Structures are given as structure tokens and as C-alpha cells.
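**Student:** I would like the atomic coordinates for the input below:
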Amino acid sequence: MHIRIFSLLFLFISLFANAQKEITVNYNDTPLSEVLKDIETNTGILFSFAPEVILNQKVTLTKKITIKDLFVQIEQQTGLNFERISDQQVIITKEVTICGYVIDANTKTPVAYADVILDEKNYTTTDEKGYFAFNNLPYTKSSVTLKFNLIGYQNTEIPLKTGTNCPTIELQSQINELNEVVVLGYVTSGIDRKKDGSISVDSKRLGILPGLVSPDISQSIQLIPGISTLDESATGIQIRGGSPDQNLILYDDIKLFNTGYFYGMFSLFNPFATQKATIFRSGTSASYGDRISGIIDISSGDIIPKKTEGGFEIDGLSVNGYIKTPLSDKLAVYTFARRSYNDIVETPTYNSYEDKIFTNFGVAQDVNGNVLLLETDDDFSPDSSNNDFSFADVNSKIIYKPNDKNTLAVSGLYTRNRLDFDFLGGDELVIDSLKTQNKGLSFKWNHISNEKQQEKLTAYYSEYNSFYQNNEIKDETGDNIPELAEINIRKNDILDVGVNFTSTTQIKDFQKLTLGYQFSYTDLDILLSKENPVDAELEQSIQDDENYKNALFGEYTISFANKGFINGGLRFVHYSSLNEFLVEPRVNFEYPLSKTLRFKTAIERRNQPISQLVEFNHTELRLENELWRLSDDGQFPLLTSNQISGGLLYQSKNITIDADAYYKELDGLTTFTNGFSNPLENLENGESTIIGLDVLLKYKYNNYKVWAGYTYNDITFKFPNLEDTPDRFPGNNDITHQFRISNTLQLQNWQFSLGWQYRSGKPITPVNSYTIEIDADGENAGVVDFGAVNSDRLPDFHRLDASILHDFKINLGSKKLNAQFGLSFLNIYNRVKPLNLIYKAERKPLDDGGIAIPGTTGSNPDELEVILEQVIQRFSLGFTPNAVFRIQF
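**Tutor:** Have a look, this model is predicted:
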């Protein structure tokens, strides 16, 4: 041991002494090659270099100098790097820049955000002008080979000479030319508008957004005009007036029936696992079916990385990590995992959401402003209740590319959401338990037969399970012994499997034909149970439905030389649960009127064989109270939508103006599927009309961006068999005006964002009068008289949000990790207002004597009166801070 330490010490002293040794040099415009030979002769040091590195380099120096200072002087005169790797070995290199411009081979326009790979350590992406650069590279070769990758273009390898001017590289597009981006950064960076009218979200490029610290897909797309939520949630997404259950949501081709945690406030989409998303507000491809509103198609990506990539983040709610590992140049594995940690420690972020979720009451008034004194003990808040909540998700994917013509992928998904809740009200203890989970598996095969023909085959398995149990413990016998008095159970299970096949043929340069077939099987179970153990009473409702779907679809697309196109599609579908054969025609047309102005229009008919009904009778929390059920040929009809949209898109260098008007007719609505605030006891069918306008204004100046979005909606319902209602009345989700303005600024490694949003209040049914009377059991009962359906509105909603992100590097020896720290603030001025109001009421007989409390109206004997038991109010989120720390390698 002592000998080893002595040897190391001796080596260090030798190196130090040699570095301090002085030699006398006399160089006058001497070629560097001769200088190096002279140093080798006098010192015994050996130099390694490429001949091109020292070509035409000369040195002028006359003095007595140490070897170390000599190298410094030569570096200053030549710009070369002298790296001493041992006492006798020096490597000489020079720094070079490799750069270029990438353009589309057909359109000659810049190709932005293409991956450019030099080697495992050096890779970058092109900017909005198609430019890329590798700066300060050590000169080792006279030429290098660069690889270019981008979805929609052929993978390309180009040899380039080092030290030359920036050349122009052309990439050949694949046959999916329709996916060409028309507006890059449609709202902000990473949110683009494609030529077919769909919106593309790339989380890798997604810029900072007000109030967010993570690139959450569900929250990010709400910046797009026409997309919003009524309750600030991540899952209650409404697209152009459609309800959340009318959206088709896919993750790696897996159909999802639940997309949120903690009553939908948090998205189940792991930010690391959502690389791309395509959103259709209208002009939907005929390949999508089974929903009548928007499409949200999410992918975790299919790129085989050149080296292992990974990352970790922690925010105010959860910890999250991922890793992408290439097992070879043809095979890769992705793994993503996330879990909440509020069961270990509660943060201010969680506490703010907890206040929103577990506060269900406020001051309720009638139309005259009189406060309703309700005889109820169901009001609970975070201070009067306990809750234990957690969520977790795991995503994985295997990608195999045996050659350039085939890509195979297997993707898996598992999510779990659990909540235990208890509340003591008076002499009653209420215990709730809610569990929801998603399981999914998909297989995808993309095959390119030739330059003009490709096929896609997908198969998926999707399972959704929701289980809710409510136990009520109270003294039923009056002997002061609490016992289990009531058990309510609500269970909803869905199994959905399917196979899709698509064939795309490029008939001519600007004509494309797509044909496909889809088969799916859906099994849906509902259990509603109410049990009274004391009296041994049990009420149960069990439903088990199934549906087989067979669908054929076709699309024909003509693309014009000026980037316009027309797409006509037909979808033929048969649902066994309805025993109906349906036809869905679709037309999507866009045409440039000039270089900066485009006209667009879309017409489509769509059908939906599954929907959600709102069920309050068996829930104490009365949140996440929707149950999926299949349409039949009786009580629950098929949902049908006819819609037309049209508008203009103006796009210049720094300005984007997009205006789109639309008209939609929806048929097949029911009173149990649309969340009326007042209780409607009879199941009635109805229809809806939606008239809307979406407007986007965006301006960019250097590193500053500002965009404003406005949506006008006029949603009306018509239910002919509802008593005491007008022919048409405002729909339950009729938010007439919505406005949002956002600003972002980037200063070096800092990003700042500030946004303000406003919207009209939700329609509600007012209370005309409320009187306290004696019911048939001799107890006080609040008799209510409701006004016209949805004839009143809640207060307008608005809030101010902000975010800050800072990027930096963490040095770990020879490795550098990309790191980011961020802060966000929701509802900075802490304005809390009701977002929703629900009346819990039922019909009961009053006492035959008609005894009334003084100051109230009398009762009508022998008649059933509407007794108001509770007013459930849901409020907006208060001031909510959040923070994130993220590292990636």
C-alpha cells in the first residue's frame, strides 16, 4: 500500500517538474510542423494530430519559457487545442462548426424540428428556419456523416465536409404528405396546425404555458379555442360544445374510458409518456368513429434512440421517471412510471386541490336572494372530513424496426386511482371508498410496401373498472349503539377489444386513397346496490350489455400544388346492440386564396353507441358520478351529430389569425346523460343545437409571443316531453363567452408566462320559493318550487395564472445533465366562485293536516311535494402554487 502511494506521489512530482522546466525557443513565422519537431527533439514529447489540422499554421516566439506556457502561446496564435493526456503525449485538435439548412425536397420550404445526429454525444434539431449547427467540435476527420430523422420524411444520411459553408440538405417526404404543417407554433411552440385542420401537440417542443410546470397534454390543449372544461379539470374536456364523454381518446391506439385522477383534476397521461398528440375539432378523418365530438389521439413515440435516455421529475403532487433504452439499432424499450406522494406528505398544491374537491356547500339562495335554510347534515369540508388519496401509473413500450419498411410496436398501460373518505355529520358516520383503474395493451405494425403503398395493422385491449362503496353508520334503534345502517355500491366495468386495418395508396403525386376495416367487441356491466342490514332489505339493479361493431371506411384525397386539398370520406358501420347499419359521410376542404390566406370548410355526420349517464342516488361525494352504458333501441338511443364548419386562416411571418364558425345538431340526448342541476325523475329524450365561433390571434416578436383565443357558443336543448319547460332552453354546458390571453417571454435560459382567462357562468335552474312544512313522518320538510329549467346562471369565472422555468446544467464529472426548475401559480388573486350547482331533492307526501311553519305557505294534503334536501355546490380552485424539478440525460 505504501509503495503504491509513493509511486503515485513520484509520478505527480515528475509531471509537475517537467511542466515547470524551461526551454529557449526562437521561432519567426516558423511553420508549426517544424516547431513541433523542435519541441519533440528538445523534450521527448510526442504529438498526435491530423495533417490538415496544422496545415498553413505558423508560430512567432522568441524567449525562455516553460512547456506549459509554450503550449498556451501556440494555442493563442493558431487557435488550436493542445490536450496533454500524459507526460509524453499531446493531442492537437482544432474546433470546427458543422452546419446546414434542411428543406422539403418537393416544396423547398424549411423543415423544422428534424433530428440531426452526428454521433452518440452530438445531436440536435433544426429550428423554425430549418437551420442546425454543431459548434466547437474537435477536428478529427475531413468529413462526417449526418443522419436526419423526422416523422413524415424518409430517414436520410448525408456526408458533409468539415469546415465548409452551411449547405442545403433536402429531405424526401413519405406518402403521408397530408400531415404537412401549415402553421408552426399555432398557439405556442410545440402546438402546430396541420394542413388537414388537425392540431398537433409535441410535448418535446412544447413551450411554457401559464399556470403549468409540466407539458400536460390535457391541460395544454385547453389553450386552443373551442376546447375547455366547465370545472377546471384535466378530464372534463369539451370540444366545440360537446360533452366529455363524446370525445374519442386514444393512447397508443388503446381506447380509454377514464382519463383522470382525483375526480378528474389530474390527467392520467404521464408527461414523459405523451410525445405526440393529434386533436380534431372538426374535419375528422373517416378512420375515427364511435364518438360525435372531438378526437384526441396520443402517442408515446416510435423512435429508437441512439443511446439510453432517461429523466426524473418531482412536482407538488407526484414523482415521475422514465427510461428509453436501445437494445440494438433495431430494438428499443420505453418505460414510464409515476406515483403521487400526498399519502406521505401533503404540499400546498395538494391542499388547494383538496379544498376544491372536499368542499360541497355554500350559501344557497332563491331568486329573491333569500338564504335557503336546509335541514341536512350532508355538508362536509376538508376540516370536517378525512381523506386518503393516491394514484399511480405505469406505461411501457417495445419498438422493433427490422428494416426501413417495417415498424412493430407493443404498448402497455396501467393506471390506478384510489380514494377513501369519511365524514361525521351529526350522529351519522359516512365512509366512502372509490377505486378506478385502466388496463390496456396494443399492437401496431406499420408496413411500407413501396414508395406509393403502405399498410397499418393495430389491435388493442382496453379495460376500465370503477368501484364505489358508501357505508352509513348511525343509531337506527335509539339505544345509542351505532351500527351499519346502509350500504350503497356502484360498479361499472367495461371490456373493449378491437382490430383495425388501414391501406394507403398514392395513386398519383397529388392523389391518395385510404381504405380500412375495423372490428370491435364491447362488454359493459353496471351494478347499483342499496342494502339496509338492519332491516335485511336489498335493492339491486344489474345490467350486462354487449356490442359488436363492424366498420368499413374509405377516404380519397386530392392535394393541390398550392398546398390546398379536398378530402372526401365515407364510413359504413353496423352496431349489434342497435341492429342498425349506418352511413357517415365526411368532407374536408381547404384552399389557399393567397400566400397568407386560406379558406376552409368541413361537413360530417357521426354516431356514438356509448355514453355516460349521471347517477346521484348512490354517491355521497357526488363526484365522478357518471356511469357508462351502451345505447339500445329503447330508452338510451344512439347519439347522432351533423356538423358543418368554415372559416379563414391568415398566416404571415409573425401574425396568425384563425376564425372558424360551426353549426352542430345533436340527437339522442337524454335527461340522465346531461347533468341537469334540478332533479328530473323521468327519462326523456331530447336534442341539441350548437352555434359557435372560434377565433385565435397570435403575434410573435423575437422571443416574445402573445396569443388570444375567443369562443362563442350558443347551446340550446329541446326536450318535448318535459313539463313546464320552454320549447328550447340553454344547454347545461352552454358557456356563451370564453376568452383567454397568454404571454410568453424567453430570456436565455429563463422562460416566463402570464395568462388570464374569462368565461360566462354555467346555466342553472333557480329556486322560486322554499317553504318549511311538516311531512308525513312529522318531520320538517323543505318544499321547493323550481323556476324554468336553466333560466339562471352562476357568476362569471376568471383567473390569472403565471409560470417561470429555468434551464441549467448539472455537471457530474465527464457527464452533463439537463436540468430544469419551475414555479407556477394558478388563480393569483384567489377569486373563488361556484362553478356548478346541483339540487338533491325527492318527492314525498306531506302530513294530512297540512301543518305549516309560521311565515311559510301551507301544504296541499294528499299530494307529493318536491322536498329539497341538499344543495351541492362546487367551487373554483383557489390560489394554487406548484413547483417542479426535472433532470434528463
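**Student:** okay, and the beta partners of Asn836?
**Tutor:** Arg874 (DSSP bridges).
**Student:** care to break the chain down by domain?
**Tutor:** The chain breaks down by automatic domain parsing into domains covering 2-87, 96-173, 195-299, 309-888.
**Student:** which of these is buried the deepest?
**Tutor:** domain 195-299 (a mean of 23; mean count of other CB atoms under 10 Å). Heads up, the C-betas are built off the backbone N, CA and C, glycines and all.
**Student:** what segments of this structure are helices?
**Tutor:** Secondary structure of the chain (DSSP state H): helices at 2-20, 32-43, 51-54, 67-78, 217-220, 348-357.
**Student:** quick revisit: which one of the domains of the chain lies closest to Val182?
**Tutor:** Smallest distance to Val182 across these (CB to CB): 5.0 Å, for domain 195-299.
**Student:** my read: Ala841 touches Val866, true?
**Tutor:** Yes: contact criterion CB atoms under 8 Å: Ala841 and Val866 qualify, at 5.4 Å.
**Student:** find residues that contact each of these two.
**Tutor:** Pro679, Val784 (CB atoms under 8 Å, 6 or more residues apart in numbering).
**Student:** if we can go back for a sec, can you put the domains of the chain in JSON lines and add mean pLDDT and distance to Val181?
**Tutor:** Shown next, in JSON lines, are the domains of the chain (pLDDT from 0 to 100; distance: least, CB to CB, whole Å):
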{"stretch": "domain 2-87", "mean pLDDT": "72", "distance to Val181": "40"}
{"stretch": "domain 96-173", "mean pLDDT": "77", "distance to Val181": "8"}
{"stretch": "domain 195-299", "mean pLDDT": "91", "distance to Val181": "7"}
{"stretch": "domain 309-888", "mean pLDDT": "87", "distance to Val181": "11"}
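**Student:** same list, these, but as a markdown table with distance to Val182 please.
**Tutor:** Formatted as a markdown table, the domains of the chain follow (distance: least, CB to CB, whole Å):
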| stretch | distance to Val182 |
| --- | --- |
| domain 2-87 | 45 |
| domain 96-173 | 11 |
| domain 195-299 | 5 |
| domain 309-888 | 7 |
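**Student:** go through those domains and name the closest to Val183.
**Tutor:** For Val183, the closest of those is domain 309-888, at 5.4 Å, according to CB to CB.
**Student:** just the terminal-to-terminal distance for the closest one.
**Tutor:** End-to-end distance for domain 309-888: 8 Å, by CA to CA, to the nearest Å.
**Student:** same check, this time on stretch 291-308
**Tutor:** 39 Å.
**Student:** kindly report the same for stretch 583-603.
**Tutor:** With CA to CA as the measure, stretch 583-603 spans 14 Å from end to end.
**Student:** likewise for stretch 187-203?
**Tutor:** Start-to-end, stretch 187-203 (CA to CA) is 13 Å.
**Student:** identify the bridge partners of Lys439.
**Tutor:** Tyr414, Glu463.
**Student:** most centrally placed residue in the protein?
**Tutor:** Ile217 (1.5 Å; CA atoms, centre = their mean).
**Student:** and that residue, how far from Thr725?
**Tutor:** 38 Å (CB to CB, to the nearest Å).
**Student:** then Thr716?
**Tutor:** Thr716 is 12 Å from Thr725, where distance means CB to CB.
**Student:** same check on Ser293?
**Tutor:** 25 Å.
**Student:** ok, now Ile487?
**Tutor:** For Ile487, the distance to Thr725 - CB to CB - is 36 Å.
**Student:** would you give the sheet partners of the lengthiest strand in the chain, along with the direction of each?
**Tutor:** Secondary structure of the chain read by DSSP state E shows that its longest strand is strand 483-508. Strand 483-508 pairs in its sheet with strand 453-474 (antiparallel), strand 511-532 (antiparallel), by DSSP bridges.
**Student:** output stretch 520-529 as PDB, restricted to C-alpha atoms.
**Tutor:** What follows is stretch 520-529, C-alpha atoms only, in PDB (Å, rounded to 0.1, in the frame of the first residue of the first chain):
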ATOM      1  CA  SER A 520     -64.500  -4.300 -32.000                       C
ATOM      2  CA  TYR A 521     -66.300  -6.000 -29.200                       C
ATOM      3  CA  THR A 522     -67.600  -4.100 -26.100                       C
ATOM      4  CA  ASP A 523     -68.900  -5.800 -22.900                       C
ATOM      5  CA  LEU A 524     -70.300  -3.300 -20.300                       C
ATOM      6  CA  ASP A 525     -71.600  -4.100 -16.800                       C
ATOM      7  CA  ILE A 526     -73.400  -1.900 -14.300                       C
ATOM      8  CA  LEU A 527     -74.200  -2.800 -10.700                       C
ATOM      9  CA  LEU A 528     -76.300  -0.500  -8.500                       C
ATOM     10  CA  SER A 529     -77.000  -1.800  -5.000                       C
END
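**Student:** run the chain-centre distance for that stretch.
**Tutor:** 27 Å (CA atoms, centre = their mean, to the nearest Å).
**Student:** next: stretch 571-584.
**Tutor:** A distance of 31 Å separates the centroid of the chain from that of stretch 571-584, by CA atoms, centre = their mean.
**Student:** just the residues contacting it, thanks.
**Tutor:** By CB under 8 Å, 6+ apart, the residues outside stretch 571-584 that reach it are 286, 289, 545-553, 570, 585-586, 604-607, 609, 630-633, 638.
**Student:** which non-adjacent residue is nearest Leu441?
**Tutor:** Nearest residue to Leu441, sequence neighbours excluded (CB to CB, 6 or more residues apart in numbering): Tyr461, at 4.5 Å.
**Student:** OK, contacts around that neighbour?
**Tutor:** By CB under 8 Å, 6+ apart, the neighbours of Tyr461 are Ile254, Lys439, Gly440, Leu441, Ser442, Asp496, Val497.
**Student:** quick one: the last one and Tyr521 touch, right?
**Tutor:** Yes: counting by CB under 8 Å, Val497 does reach Tyr521; the two are 5.4 Å apart.
**Student:** what is the closest residue to Phe672 other than its chain neighbours paired to in the beta sheet?
**Tutor:** Spatial nearest neighbour of Phe672, chain neighbours left out: Leu613 (4.3 Å); criterion: CB to CB, 6+ apart. In this entry, Leu613 is beta-bridged to Leu627, by DSSP bridges.
**Student:** separation between Leu613 and Thr235?
**Tutor:** Distance, Leu613 to Thr235, using CB to CB: 17 Å.
**Student:** out of the strands paired with strand 483-508, which gets nearest to Asn749?
**Tutor:** So among the strands paired with strand 483-508, strand 453-474 is nearest, using CB to CB, at 40.7 Å.
**Student:** just the CA atoms of the closest one, as CSV, please.
**Tutor:** The C-alpha trace of strand 453-474 is given here as CSV (Å, rounded to 0.1, in the frame of the first residue of the first chain):
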residue,chain,number,x,y,z
GLN,A,453,-48.2,2.0,-50.8
GLN,A,454,-48.3,1.4,-47.1
GLU,A,455,-50.4,-0.6,-44.6
LYS,A,456,-51.1,-0.3,-40.9
LEU,A,457,-52.5,-3.0,-38.6
THR,A,458,-53.4,-2.4,-35.0
ALA,A,459,-55.0,-4.5,-32.3
TYR,A,460,-55.9,-3.3,-28.8
TYR,A,461,-57.3,-4.5,-25.5
SER,A,462,-58.9,-2.0,-23.1
GLU,A,463,-60.4,-2.5,-19.6
TYR,A,464,-62.0,0.1,-17.3
ASN,A,465,-63.1,-0.6,-13.8
SER,A,466,-64.8,1.7,-11.3
PHE,A,467,-66.0,0.6,-7.9
TYR,A,468,-67.7,2.9,-5.4
GLN,A,469,-69.0,1.9,-1.9
ASN,A,470,-70.7,4.2,0.6
ASN,A,471,-71.4,3.0,4.2
GLU,A,472,-73.6,4.9,6.6
ILE,A,473,-73.2,4.1,10.3
LYS,A,474,-75.8,5.6,12.7
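**Student:** having no further points to raise, I will conclude here.
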